[in-house]
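Student: Provided below are the primary sequence and the corresponding predicted coordinates.
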Amino acid sequence: MIVDERIVTAIFFFLGLIIGSFLNVCIYRLPRGESVVITPSHCPACGSRIGARDLFPLLSYLWLKGRCRACGKRISPQYPLVELLTGLLFASAYAHTGLTALLLKQLFLVAVLIVVSFIDLKYLIIPDRIIVFSLACGILLNLFAGDLSLLSAVLGLSAAAAFLLIPALVYRGGMGGGDIKLAALIGFFLGWPNGLLAVFLSCLLGAVTGITLVLTGLKGRKDAIPFGPYLALGTLPAMFFGDKLLAWYLGLF
Ligand SMILES: [Zn+2]
């Protein structure tokens, strides 16, 4: 049976929307040390339970016009944004990688990066429990996907962590411990040399944005800028196009 690729891509988009609404729960609850599985969803403002009819990703936000049904308080646009972003990235990952074991690993990493980025943007922290949990899953996912050897994964982890560790030691306090642990996790998922490429691209992106923000006066030189989202943004091209990017780069010489 031949299934239209566009239908499968759309299915992954909708799967992403659903997973995205779970990621919103993680973003809200993990920094508070709350469970992400047992308790049902509540409105953060009034605490009233959110009914099944209002739990549709994206659409609920639109038909409630961005307000809680019970108390009328504004619902943060972060909710539909995370859902949409997850949907688009899941569809892109399928379109790029196809229905393979590697896809599962990529979808998992995408989900982790979204959660970590939004927590870092809001609280300037990257919770250890997310890194530890993801690393444990990474060991299994690397075996399942079979795309890299254990040596490559460990080398990727070490190189990515070292790449951030050196400036952190030299400048002291510039780069947080959470950032280094996240870089290590990304390195473990992408292996050598793509893990290093991911962190390199993140630093490049972070430096360009940081310099722009300081030059335009939007941020002071001492203001803390969360680095987690940059690590996430640098990881996507390295994960999907790392081999092509490296081949092009090495071809310059
Ligand atoms: Zn409410």
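Tutor: Good, I have the coordinates. Since the model is a prediction, treat every value here as computed from it, not as a measurement. Residues are numbered from 1 along each chain as shown.

Student: how is the protein carved up into domains?
Tutor: Listed domain ranges for the chain are 1-99, 101-253 (source: automatic domain parsing).

Student: buried deepest among those domains, which one?
Tutor: The highest mean neighbour count among the domains of the chain belongs to domain 101-253 (a mean of 18), with neighbours defined as mean count of other CB atoms under 10 Å. The way it works is simple: take the backbone N, C-alpha and C, and place the C-beta from them, glycine included.

Student: for the record, mean pLDDT for that domain?
Tutor: Domain 101-253 comes out with an average pLDDT of 92.

Student: grab the nearest non-local neighbour of residue 126.
Tutor: residue 178 (3.2 Å; CB to CB, 6 or more residues apart in numbering).

Student: let me see the contact set for the closest residue in space to residue 129 that isn't next to it in sequence.
Tutor: Among residues not flanking residue 129 along the chain, residue 30 sits closest, at 7.2 Å (CB to CB, 6+ apart). With contacts defined as CB atoms under 8 Å, 6 or more residues apart in numbering, residue 30 is in contact with 36, 115, 119, 127, 129, 130.

Student: check residue 30 and give its pLDDT.
Tutor: 92.

Student: what of residue 72?
Tutor: 90.

Student: ok, the one 3 residues further on next?
Tutor: We have a pLDDT of 87 for residue 75.

Student: surely it and residue 67 touch.
Tutor: Yes - between residue 75 and residue 67 there is a contact under CB atoms under 8 Å: 6.3 Å.

Student: can I assume residue 19 is in contact with residue 111?
Tutor: Yes - between residue 19 and residue 111 there is a contact under CB under 8 Å: 6.1 Å.

Student: if I look at those two, which residues touch both of them?
Tutor: Joint contacts of residue 19 and residue 111 (CB under 8 Å, 6+ apart) are residue 86.

Student: residue of the stretch 101-250 of the chain nearest the ion, please.
Tutor: residue 122 (19.2 Å; CB to the ion).
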